[in-house]
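Participant: This is a predicted model, with the sequence first.
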Amino acid sequence: MFIDIQKNVLSIIILAILFISLIRHLNWKEYLNKVFLHLILINIACIFLDSMIIITSGQDSLFANITLYISVGLYYTLLPIAALFWLYYVEFTVNPDSKRYIKMSIIPGVLIIFNFILVILSYNNDLIFSINDQNVFARSDFFFITGGLASVILIYSLIHIYLHRKYIRKQEYIPLMLYSVPPLISGIILIAFKDMNFVFNSLIISNLIIYIYIQSKITSTDFLTGLYNRREYEFVIKQLKTNKQKGLELSGMMIDINDFKKINDEFGHKLGDEALITISKIIKASVRKQDGVYRIGGDEFMVVILSEEHDIIDGISERIKEQLDKFNQKKTFPFNLSFSLGKGIYDGENEKDIDKFFEHLDFMMYDQKKLYKEKQN
């Protein structure tokens, strides 16, 4: 018992450190971050409840009896819910549309409700667990059902990741696939050897995998806008130069907000930041999931597109302009947002230097900015 408690305390400490570290560095406005932080809290709760079960099992006091009954019920209820939160994290990574969550929750929700019914029935029928007259907890013959239901949700998330792999960046794909592997393996071991419970050890490994991935993402992400930063942009350009993308057309778009200094001077930096966030959201909503959007300067953005389709950049640039017009019609700001844009398609046969291609987009953008200023004057 002492060793199990010791392992659980260590696991809680590790998860608490991860939570505190992430809460200090992540943008809480992003729903994806909220989901993962809540997932860590659910894991901590499960480990705490497991510890309470170990401590109170066999104790004959009324307090121990009540605590054991509550802890067991909550523990077996939360396990598949933790798997559901991981599925939410996967879904939001693939498609950041909150409207899909109701649809995504139907099958897992049915499994969770089914599990909850079994938990309630187990108090009197010893289905998943049993608590005898001496207040001793034990796993029953069908204890594997809860873990099995959680495993079904984890496997579903793996299938979901694989089927939508073309919408996931390569840096994200492997960590997302690896998360479910340790708990699935530990679940198989627990079913085969009833007394060998490595579930929480496996969850620590899974959360560490995503923690390392998130830390890597933090260093490559602009905190204000949530877009990739210049560091990540330069890394991607370096990859494009060393790894030729056969069968894919490379195109790019340089965007610069017009009169951004004037916005900051006249309306304040807070409204200037909101303008940056708005433009970022408009660009992000107008491109495809697999396209790269980078904030490379104060009010400068770059879009990097690899596609099998020809001239896809024209459609994307039109969508950005349409979305911006719709936003301006709402009169959210005391000014209209506008931008200058330079776009082009990389010709690999005649243009050997990718750096010069993106520099050319910069020049095109500045030509548009000159025309804009001339019209203003």
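Facilitator: Received, thanks.
Participant: ranges for the helices of the chain?
Facilitator: Using DSSP state H, the helices of the chain run over 2-25, 31-56, 62-94, 100-125, 144-163, 170-179, 181-192, 199-219, 230-242, 260-267, 269-286, 312-329, 354-376.
Participant: The fifth one versus helix 170-179: what angle between them?
Facilitator: Orientation note: helix 144-163 sits at an angle of 160 degrees relative to helix 170-179 (axes from the mean of the first three to the mean of the last three Cα atoms, to 10 degrees).
Participant: Mark out where each domain of the protein begins and ends.
Facilitator: With domains defined by automatic domain parsing, the chain comprises 2-219, 230-376.
Participant: What's the separation between the residue lying closest to residue 112 once chain neighbours are set aside and residue 57?
Facilitator: When the adjacent residues along the chain are set aside, residue 112 lies closest to residue 80, with 5.0 Å between them (Cβ to Cβ, 6 or more residues apart in numbering). Where you see a C-beta, it was placed from the backbone N, CA and C, and this is true even at glycine. Look at residue 80 and residue 57: by Cβ to Cβ, to the nearest Å, they are 22 Å apart.
Participant: Show me which of those two is the more surrounded one.
Facilitator: Neighbours were tallied for residue 80 and for residue 57 using other Cβ atoms under 10 Å; the higher tally belongs to residue 80 (26 against 20).
Participant: you'd agree the more buried one is up against residue 150?
Facilitator: Yes - counting by Cβ atoms under 8 Å, residue 80 touches residue 150, with 4.3 Å between them.
Participant: shaky segments in this protein?
Facilitator: Within the chain, the stretches with pLDDT under 70 are 1, 26-29, 96-101, 244-245, 349-352, 377.
Participant: What number of neighbouring residues does residue 212 come out with?
Facilitator: Neighbours of residue 212 (other Cβ under 10 Å): 11.
Participant: ok, and the closest non-adjacent residue to it?
Facilitator: Leaving aside its chain neighbours, residue 212 sits nearest to residue 175 (7.5 Å; criterion: Cβ to Cβ, 6+ apart).
Participant: on that earlier part again, format the helices of the chain as CSV; extra columns: distance to residue 295.
Facilitator: Putting the helices of the chain into CSV (distance: least, Cβ to Cβ, whole Å) gives the following:
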stretch, distance to residue 295
helix 2-25, 18
helix 31-56, 18
helix 62-94, 20
helix 100-125, 27
helix 144-163, 27
helix 170-179, 18
helix 181-192, 34
helix 199-219, 14
helix 230-242, 7
helix 260-267, 12
helix 269-286, 7
helix 312-329, 15
helix 354-376, 15
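Participant: Could you point out which of the ones you listed sits nearest residue 133?
Facilitator: Taking Cβ to Cβ, helix 62-94 is the member of the helices of the chain nearest to residue 133, at 10.3 Å.
Participant: Just want the angle from the closest one to helix 31-56.
Facilitator: Using the same axes, to 10 degrees, one finds that helix 62-94 and helix 31-56 are set 160 degrees apart in direction.
Participant: and helix 62-94, what other elements does it pack with?
Facilitator: Packing partners of helix 62-94 (3 or more Cβ pairs under 8 Å, 6 or more residues apart in numbering; DSSP states H and E): helix 31-56, helix 100-125, strand 129-131, helix 144-163, helix 170-179.
Participant: And the second one, what's buried?
Facilitator: Of the residues in helix 100-125, those buried under the neighbour-count criterion (16 or more other Cβ atoms under 10 Å) are 104, 108, 111-112, 115-116, 118-119, 122.
Participant: now swap in stretch 174-189 and tell me
Facilitator: 175-177, 179-180, 182-184, 186-187.
Participant: how long is it from one end to the other?
Facilitator: 24 Å (Cα to Cα, to the nearest Å).
Participant: For it, what is the distance to the chain centroid?
Facilitator: On the basis of Cα atoms, centre = their mean, to the nearest Å, stretch 174-189 sits 17 Å off its chain's mean C-alpha point.
Participant: re earlier: and the gap between the residue nearest to residue 112 and residue 105?
Facilitator: 12 Å.
Participant: Same question for residue 180.
Facilitator: Distance of residue 180 to residue 105, given as Cβ to Cβ: 18 Å.
Participant: again, but for residue 118
Facilitator: Distance from residue 118 to residue 105, by Cβ to Cβ: 19 Å.
Participant: next one: residue 134
Facilitator: Residue 134 is 40 Å from residue 105, by Cβ to Cβ.
Participant: tally of neighbours for the nearest residue to residue 314 once chain neighbours are set aside?
Facilitator: Nearest non-adjacent residue to residue 314, counting by Cβ to Cβ, 6+ apart: residue 343, 7.9 Å away. Number of residues near residue 343 (other Cβ under 10 Å) recorded here: 19.
Participant: which residues touch residue 343?
Facilitator: Residues near residue 343 by Cβ atoms under 8 Å, 6 or more residues apart in numbering: 251-254, 313-314, 317, 361, 364.
Participant: repeat that with 10 Å
Facilitator: Counting by Cβ atoms under 10 Å, 6 or more residues apart in numbering, residue 343 makes contact with 251-255, 303, 305, 313-314, 316-317, 361, 364-365, 368.
Participant: Are any of those residues buried, and if so which?
Facilitator: Counted by 16+ other Cβ under 10 Å, the contacts of residue 343 give 251-255, 303, 305, 313, 316-317, 361, 364-365, 368 as buried.
Participant: Take those and write them to CSV, including distance to residue 328.
Facilitator: Formatted as CSV, those follow (distance: Cβ to Cβ, whole Å):
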residue, distance to residue 328
251, 26
252, 25
253, 20
254, 21
255, 16
303, 20
305, 25
313, 23
316, 19
317, 17
361, 24
364, 23
365, 20
368, 18
